[in-house]
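# Got a sequence here, can you build the structure:
(one chain, ligands or ions: 1)
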Amino acid sequence: MEKRIEEYDVVIIGGGPAGLTAGIYCGRARLKTLIIEKSLIGGLATYTSEIENYPGYPEGTSGMDLTSDFHKQAKNYGVKFKLTDVRSVEDKGDIKVVETFRTDYHAKCVIVCTGGKPRLTGAIDEDLYLYDKGISFCATCDAAANTDKTVLVVGSGDAAIEEGMFLTKFAKEVIVSIIHDEGIMDCNEIAKNQALNNPKMSFLWNTGVKRYEGDERLHTVVLENIRTKEEVPVTVDSCFLFIGYLPNTDIFENMLDMTAQGYLKVNEHMETNIPGIFAAGDVCDKTIRQVATAVGDGAIAGCSVEKYLAESEVFEKQILNDGKKTLVYLYDGSDAKQREHLSFIEELENDVDVVRVDVYKSKGLARRLHVEQFPTIVIMNNNNVETRIDSISKESVKNYL
Ligand SMILES: Cc1cc2nc3c(=O)[nH]c(=O)nc-3n(C[C@H](O)[C@H](O)[C@H](O)COP(=O)(O)OP(=O)(O)OC[C@H]3O[C@@H](n4cnc5c(N)ncnc54)[C@H](O)[C@@H]3O)c2cc1C
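Have a look, this model is predicted:
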C-alpha cells in the first residue's frame, strides 16, 4: 500500500493535557498543527471523575469535562486531530517523519506528549476495578474521597510509602502490602522510619495481590503470603497501587535520551537531545505528574516550537544567506561589555552582511552554530562556518573579511 504523505509545521503525539495545551499554543501561533492520539482525547485524566486540584474549578470537575474543554479550545485555534497510533518517528534533520499505519506525517517539529501508564499487578480481576471502581494510582487525586475509610497500599518504594503517609491524613487506616520480609522496604530510610512509627499505618509482610473482589466497586483485595501461600483477604474502600509507572517511550528507544526508567530527558525549554523534537507532560523525567504540571510543560513546549521555527527562518534566510559571506555576532545582551562591540559591528555592514544574535533571549541559533562562549563572531561562507573569532576587536575581524 502506497503511504499518504501530509505536511505540518508541528505534529504533537498524544492528546492528553500536555498535548492539548501544546496544541492550543501552536494553534494560536498560527502553526499548522496536528495532534495524533491513539485512544481517548484527554489522556489519562479522562479516567477520573473528580479533579479537585486543578485551578479555576472551586467545586472540582471531571477529567472528561476538563479535557473536552481543552480539546474544544485547541480545535478553535485550527488544530487538526487524527485518531491513530504513532509507530515511529524518524529524524531527517529539518524534517521529522511521524509514521502511522496509513500516513507518514512530515513535520518541522514534533512534540512528544505520550504520557505513561501505571504498572499493574496482573492479579485476577484487576481490570474490573481500575480507576473509579476502587483501584487508584494517585493519592494526590483520590485521598480526599477516602476520608475516614480503609485503604490498602501495594508497594514499598518511595512513592508507595510517601503516598501512603499522605493518605493517613485522610483515611482512618492505611494497610500496606509489602512483598519483602518484615522490616525490609525499598523506600529511603527516613520515610521507612516515619511509616513504621505512623499509628494509622499497618504492614502485611511477604504478601502480594492474588485477586480482587467486589460488585460494582472493589470491596476486598485477596493477598497471598508468598512464603506460606496462605490467602489474606483485606476488606477495603480503595486500593492504591504504587508499583511503578511505565512511560510510553518504547518507540523512542535509541533515539531520544531517557532515564533508566524510560522517562525522556528535557531541558527547561522542553527540548530533547534532537533539535526540533520536544517533549512535555508525564512522559518527561520530573517529580510531579499532574494535570497542572502537564499543561505547564505543554505551554512551554508550544512556545519553544514557535521560537525554534522562527529561528529556523533566521538561520535559513539570514545566516545561510544564499551562501553569501555573512558575519554573525553572537552576544549576551545582558552584558554591557558585549553590547559595546555592537557599534563597530554596525560599521562592518558596509563590507559584509551582518546578523546580530542576542543569546540572552535564546541560545537556539548559537547551538546550531556550535558556539558556547560569548561573544563570538562566526563568519559564514558558502553555507558553512568559515571562521570563528572569539577574541574580538575591529582589526582582528577586518582581517577575516
Ligand atoms: C485515575 C487517575 C486520577 C488522576 N487524578 C488527577 C487529579 O485529580 N488531578 C491531577 O492533576 N492529575 C490527576 N491524574 C494525573 C493526570 O491524569 C496526568 O498527570 C495527566 O493526564 C498527564 O497528562 P499527559 O498529557 O502528560 O499524559 P496522558 O494524559 O497520559 O496522555 C498521553 C496520551 O498519549 C497517547 N499516546 C501514547 N502513545 C501514543 C502513540 N504512540 N500514538 C498516539 N498516541 C499516543 C495516550 O493514549 C494518551 O492519551 C490522575 C491520573 C489517574 C490515572
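# Check which residues of stretch 175-194 are buried.
175, 176, 177, 178, 179, 185, 187, 191, 192 (16 or more other Cβ atoms under 10 Å). (Glycine included, C-beta is placed from N, CA and C.)
# likewise stretch 317-329?
Buried residues in stretch 317-329 (16+ other Cβ under 10 Å): 318, 319, 321, 326, 327, 328, 329.
# so the nearest residue to residue 90 once chain neighbours are set aside is in which element?
Nearest residue to residue 90, sequence neighbours excluded (Cβ to Cβ, 6 or more residues apart in numbering): residue 97, at 4.3 Å. Following DSSP states H and E, one finds residue 97 within strand 95-99.
# Tell me the neighbouring strands of the next helix or strand after that strand, and mark each as parallel or antiparallel.
Counting by DSSP H and E, the element after strand 95-99 in chain order, helix or strand, is strand 103-112. In the sheet, strand 103-112 lines up against strand 4-13 (parallel), strand 95-99 (antiparallel), strand 277-279 (parallel) (DSSP bridges).
# and among those, the most buried is which?
Most buried of those by mean neighbour count (mean count of other Cβ atoms under 10 Å) is strand 277-279; its value is a mean of 28.
# still on that earlier bit, tell me the mean pLDDT over the strand holding residue 97?
Averaging pLDDT along strand 95-99 gives 98.
# is it up against the ligand anywhere?
No - Strand 95-99 lies apart from the ligand when judged by Cβ under 6 Å from any ligand atom; the minimum separation is 9.1 Å.
# List the contacts of the closest residue to the ligand within the stretch 201-350 of the chain.
Residue nearest to the ligand within the stretch 201-350 of the chain: residue 281 (2.2 Å; Cβ to the nearest ligand atom). Residue 281 is in contact with 14, 16, 17, 18, 19, 113, 115, 289, 293, 294, 297, 298, counting by Cβ atoms under 8 Å, 6 or more residues apart in numbering.
# thinking again about what came up before, and the residue nearest to residue 90, how close does it get to the ligand?
14 Å (Cβ to the nearest ligand atom, to the nearest Å).
# how close does that residue sit to residue 253?
17 Å (Cβ to Cβ, to the nearest Å).
# same deal with residue 111?
18 Å.
# Which one of these two is surrounded by more residues?
More crowded of residue 111 and residue 253, by other Cβ atoms under 10 Å: residue 111, with 31 against 9.
# my guess is the more buried one contacts residue 301, does it?
Yes - shown here, residue 111 and residue 301 form a contact pair, counting by Cβ atoms under 8 Å, at 4.9 Å.
# Overlap in contacts, these two.
Contacts common to residue 111 and residue 301, judged by Cβ under 8 Å, 6+ apart, are 22, 270, 278, 279, 280.
# Need those residues in CSV (columns: distance to residue 243 and pLDDT).
Listed next are the shared contacts of residue 111 and residue 301 as CSV, based on distance: Cβ to Cβ, whole Å; pLDDT from 0 to 100:
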residue, distance to residue 243, pLDDT
22, 30, 98
270, 28, 97
278, 30, 98
279, 24, 98
280, 25, 98
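# Next, the contact list for the residue nearest to residue 90, please.
Contact analysis of residue 97 by Cβ under 8 Å, 6+ apart lists 89, 90, 104, 105, 106.
# Taking those, please make a ChimeraX selection of just the buried ones.
Applying 16+ other Cβ under 10 Å to these, the buried members can be selected in ChimeraX as follows:
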select :89,104,105,106
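# could I get the contacts of residue 97 as TSV with pLDDT?
Putting these into TSV (pLDDT from 0 to 100) gives the following:
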residue	pLDDT
89	98
90	98
104	98
105	98
106	98
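# Show me which of the contacts of residue 97 is closest to residue 133.
Nearest to residue 133 among the contacts of residue 97, counting by Cβ to Cβ, is residue 89 at 35.0 Å.
# Excluding chain neighbours, give the residue nearest to the residue of the stretch 101-250 of the chain found nearest the ligand in space.
Here the stretch 101-250 of the chain gets closest to the ligand at one residue, residue 115, 2.1 Å apart by Cβ to the nearest ligand atom. Spatial nearest neighbour of residue 115, excluding adjacent residues (Cβ to Cβ, 6+ apart): residue 282 at 4.4 Å.
# Surely the one you found and residue 295 touch.
No - using Cβ under 8 Å, residue 282 is not in contact with residue 295; the gap is 11.5 Å.
# neighbour-wise, which of those two wins?
More crowded of residue 282 and residue 295, by other Cβ under 10 Å: residue 282, with 27 against 23.
# for that one, what are its contacts?
By Cβ under 8 Å, 6+ apart, the residues touching residue 282 are 16, 18, 44, 115, 116, 245, 247, 289, 294.
# Among those, which lie within strands?
Of the positions in the contacts of residue 282, 116, 245, 247 sit in strands, assigned by DSSP state E.
# Give the bridge partners for the first one, please.
Which is residue 116. On the basis of DSSP bridges, residue 116 is bridged to residue 247.
# Quick check, it in contact with residue 245.
Yes - contact criterion Cβ under 8 Å: residue 116 and residue 245 qualify, at 5.3 Å.
# what touches both of those two?
Counting by Cβ under 8 Å, 6+ apart, the residues touching both residue 116 and residue 245 are 282, 289.
# quick one, which of these two is more surrounded?
Between residue 116 and residue 245, counting by other Cβ under 10 Å, residue 116 is the more crowded of the two (21 against 18).
# how far away is the more buried one from residue 222?
From residue 116 to residue 222 the distance is 28 Å (Cβ to Cβ).
# list residues touching both of residue 282 and residue 295?
With Cβ under 8 Å, 6+ apart, residue 282 and residue 295 have common neighbours residue 18.
# The helix of greatest length in the chain close to the ligand?
Ordering each helix of the chain by length in residues (DSSP state H) puts helix 291-314 first. Yes - applying Cβ under 6 Å from any ligand atom, one finds helix 291-314 in contact with the ligand at 291, 292, 294.
# now the helix or strand following that helix, how far from the centre of its chain.
Next helix or strand after helix 291-314 toward the C-terminus (DSSP H and E): strand 326-331. Centroid displacement of strand 326-331 relative to its chain, using Cα atoms, centre = their mean, to the nearest Å, is 34 Å.
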